[in-house]
Structures are given as structure tokens and as C-alpha cells.
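**Student:** Here you go, sequence then predicted model.
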Amino acid sequence: MQINQTEMQNVELLTYDDATPVFVVGCVRSGTSAMMHALRDGARIPGFNEGNILSLMYNVLEESNRYIESFGEEYLSVTKNHLVANFPRDSFRNYIINFFTSQYIEHMGPGLWYDKSPESILKAPMIRTCPTLLEVFPHAKFIFCKRRAIENIKSRQRKFQNVPFEHFCRNWADTFEAWAEIREQLEGRYIEVDQRDMAIHYEEVAQQLTEFIGLSDEQTLGISGVLGTQRHEKTAQPRDHQDMTLEETRWSDEEIQLFHNICLPMMEAYGYTLEGRQSDFAEPLKLLYSDDPELVQPEFLFDLSACYSPQS
């Protein structure tokens, strides 16, 4: 097999001007599934339940850079003696990016589509690749789904019972730190949506998404209908009107100390407090909903005291 060495040494980055992807990012258990259902079922925008290939792309590129840089500048400066010093790093970067992003064009094509790839590993590779995605997809939009650390970690503890507590804390903090570092590079191309708002201010969120993406009135109603009537992968009775306190978590003293050390700086940076917020909003009765019937069986919530304010 003949390989054109000139082409391999001069790979250019491909761009797709005819695609308008909406990338849904954020920490696992922060409303990314609800957002996906809103876009897919409510607005009828095509996409997979989850993508999860771009984190791999980011890690491949990061690992290749670490490997080459480990030789040191002096070693890499001697190109006549060391083949690795001649390695076309820019072409390799473009080749890898082209390979991964072409998967979206193959499966989704041009036009409007979404990708949901939540963060579940450390260092938030999906979020850190967003600026690169804007190079490839000039019309891309980004939705950062966020959730207060206490509720996020408690939800993950219930669903992923064999994962260490510290991992949940670090993953949450890494996600918010990464987003804080890169969002300026996405200026004008992103919005932030709190899971709490998707639950109790869903009509406002639907309007926000409509204006951000450019949707029709029919799609707006569809999004509002999905967010207002379905609960996605809930692991406990909804109480979105009231934030959880540390005392309610029943975490050990060691866990609370870990939480303080790891999560508190990012909580403060994003305006979250340990005391939390309580809303007078009268939350409507909602149907628990999941794609996985074994995860949450559909059932009505009959304890209305937890869902309605005294004024309702």
C-alpha cells in the first residue's frame, strides 16, 4: 500500500460551514439528559442519546503531546538524529481532529443537530475540547448544564454506589473549573442552564433555548412540554424548589471536609452557597420518567406537600 507522505505531512484542518451543532456539556447528573430530551423530543432536533467520542479525541491529543514533550527541547532540536523530532505534530493534530469530527458529519450530516456528552471523568476533557470544536464547526453552539455540588454529588452517590466520594467531588470541581477557563473563548456562542431552572422555570428555559438556537414557536412549546411534564432519570423524589443542606446529606465528617476542600472554591465562584435557596414557586405535579424502565418506574407523586408552596 502506497502512502502519500507529502499529504500526511501537510494535513489541513477541515471545517464544516453547513452544520449547526448544539453541544450539550456539563457534569453527569446536572440535567444533560433532560436537556437532550428537550431538544430531541420537544424540538425534534436529531442526535444520539450520548456522543462521548470527543473526550477520547482530546485525551489522544493530550497524551501525544505529553509523550513528545517528555523528550525535552534539547533532544527534539536534533532532528538529524531523532526521528521523533521530525514528527509532524500539527498534521497529526489535524488528522486526529478530522477523523473524530467527521463521525458527526457521517452520522448527522449538515444542518441542525445536537451532541450530548456529559463529564464523568477527571479533568473535564469534553469541555476542554469545545474551543477546538468551534474551529471545526464555526456555527456551533454550546449549552453548559450546571447543578449545585451538593445535589449533584448526592444524586451520583445514589446511582453510582461503587464510585469513591472523592471522585464525585473532583469531577464536579474539574467540570466547573474547566468551563470557567474556556468559556471566554466561546463568547456569544454559549448559554448556561441550571438544572433547577429546567425543573421549576421550564417555560423561561424553553424561551431561552428558542432565542439561543433559533427555534419555532412549535418547538418552544415542545420543549416546555417535555421539561414541564417529564422527570428524567430521577433517583429520588423531586424537591427542586428547595436546595439540600449539608446536614441532610448525612455525609461523614471526613466526606464533608473533602467536599469543603475540593468543591467550595468553585461553588463560591459560581454563586452557589452551602445554605442553598428556597423558592415559593408552586411546582406542578410531574411524572417520573426514564428511558430505562428498571431505573425509575413511572409513578405519580402523591405527596403534594413537598411540591407546592402554602400559597398554592
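**Tutor:** Nice, I can see it.
**Student:** Residues contacting stretch 49-56, please?
**Tutor:** By C-beta atoms under 8 Å, 6 or more residues apart in numbering, the residues outside stretch 49-56 that reach it are 36, 100, 103-104, 115-119, 121, 125-126, 129, 133, 291. The way it works is simple: take the backbone N, C-alpha and C, and place the C-beta from them, glycine included.
**Student:** For stretch 229-245, the averaged confidence score.
**Tutor:** Looking at stretch 229-245 alone, the average pLDDT works out to 63.
**Student:** sorry, that was for stretch 51-61
**Tutor:** Per-region confidence: stretch 51-61 scores 97 on mean pLDDT.
**Student:** Keeping just the C-alphas, turn it into PDB.
**Tutor:** Included here for stretch 51-61 are C-alpha records, laid out as PDB according to Å, rounded to 0.1, in the frame of the first residue of the first chain:
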ATOM      1  CA  GLY A  51     -21.900  11.000  22.000                       C
ATOM      2  CA  ASN A  52     -18.900  10.500  24.200                       C
ATOM      3  CA  ILE A  53     -16.200  10.400  21.500                       C
ATOM      4  CA  LEU A  54     -14.700  13.800  21.800                       C
ATOM      5  CA  SER A  55     -13.300  13.200  25.200                       C
ATOM      6  CA  LEU A  56     -11.300  10.400  23.600                       C
ATOM      7  CA  MET A  57     -10.100  12.800  20.900                       C
ATOM      8  CA  TYR A  58      -9.000  15.300  23.500                       C
ATOM      9  CA  ASN A  59      -7.100  12.600  25.500                       C
ATOM     10  CA  VAL A  60      -5.400  11.200  22.400                       C
ATOM     11  CA  LEU A  61      -4.100  14.600  21.500                       C
END
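**Student:** tell me which residues of that stretch are tucked away?
**Tutor:** Neighbour-count burial for stretch 51-61 flags 51, 54-55, 57-58, 60-61 (criterion: 16 or more other C-beta atoms under 10 Å).
**Student:** just so I have it, where are all the helices in the stretch 1-150 of the chain?
**Tutor:** Counting by DSSP state H, counting those that start in this stretch, the stretch 1-150 of the chain has helices at residues 5-9, 32-37, 54-69, 73-76, 89-107, 125-128, 130-136, 149-159.
**Student:** Let's have these in a markdown table, adding distance to Glu218.
**Tutor:** Compiled in a markdown table, those are given as follows (distance: least, C-beta to C-beta, whole Å):
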| stretch | distance to Glu218 |
| --- | --- |
| helix 5-9 | 47 |
| helix 32-37 | 17 |
| helix 54-69 | 31 |
| helix 73-76 | 57 |
| helix 89-107 | 25 |
| helix 125-128 | 31 |
| helix 130-136 | 28 |
| helix 149-159 | 32 |
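**Student:** what sits against the residue lying closest to Tyr75 once chain neighbours are set aside?
**Tutor:** Take Tyr75 and drop its neighbours on the chain: the residue closest to it by C-beta to C-beta, 6 or more residues apart in numbering is His82, 6.2 Å away. Counting by C-beta under 8 Å, 6+ apart, His82 makes contact with 71, 75-76.
**Student:** before we move on, the earlier item: nearest to Glu187 among the helices of the stretch 1-150 of the chain would be which one?
**Tutor:** Nearest to Glu187, of all the helices of the stretch 1-150 of the chain, is helix 130-136, at 10.3 Å by C-beta to C-beta.
**Student:** Could you pull up the mean pLDDT of that closest one?
**Tutor:** 98.
**Student:** what about the residue lying closest to Ser155 once chain neighbours are set aside, how many neighbours?
**Tutor:** With C-beta to C-beta, 6+ apart as the measure, Arg29 is the residue that lies nearest to Ser155, at 4.3 Å, once sequence neighbours are left out. The tally of other residues near Arg29 (other C-beta atoms under 10 Å) stands at 26.
**Student:** pretty sure Arg29 is touching Val163, no?
**Tutor:** No: with contacts counted by C-beta atoms under 8 Å, Arg29 stays clear of Val163, the gap being 11.6 Å.
**Student:** Between the two, which contacts overlap?
**Tutor:** Arg156.
**Student:** And the buried ones among the contacts of His82, selectable in PyMOL?
**Tutor:** Those of the contacts of His82 that meet the burial criterion (16+ other C-beta under 10 Å) are gathered into one PyMOL selection, given here:
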select buried, resi 76
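**Student:** Let me know the average pLDDT across the lengthiest strand in the chain.
**Tutor:** What stands out as the longest strand in the chain, according to DSSP state E, is strand 19-26. The average of the pLDDT scores along strand 19-26 is 98.
**Student:** Could you do stretch 85-103 as well?
**Tutor:** For stretch 85-103, the mean per-residue pLDDT is 96.
**Student:** ok, residues contacting it?
**Tutor:** Against stretch 85-103 from outside (C-beta under 8 Å, 6+ apart): 8-14, 16, 53-54, 56-57, 60-61, 64-65, 68, 71, 75-79, 132-133, 136-137.
**Student:** and if you look at stretch 248-258?
**Tutor:** Applying C-beta under 8 Å, 6+ apart, the set of residues contacting stretch 248-258 from outside is 150, 154, 165-166, 169, 246, 259.
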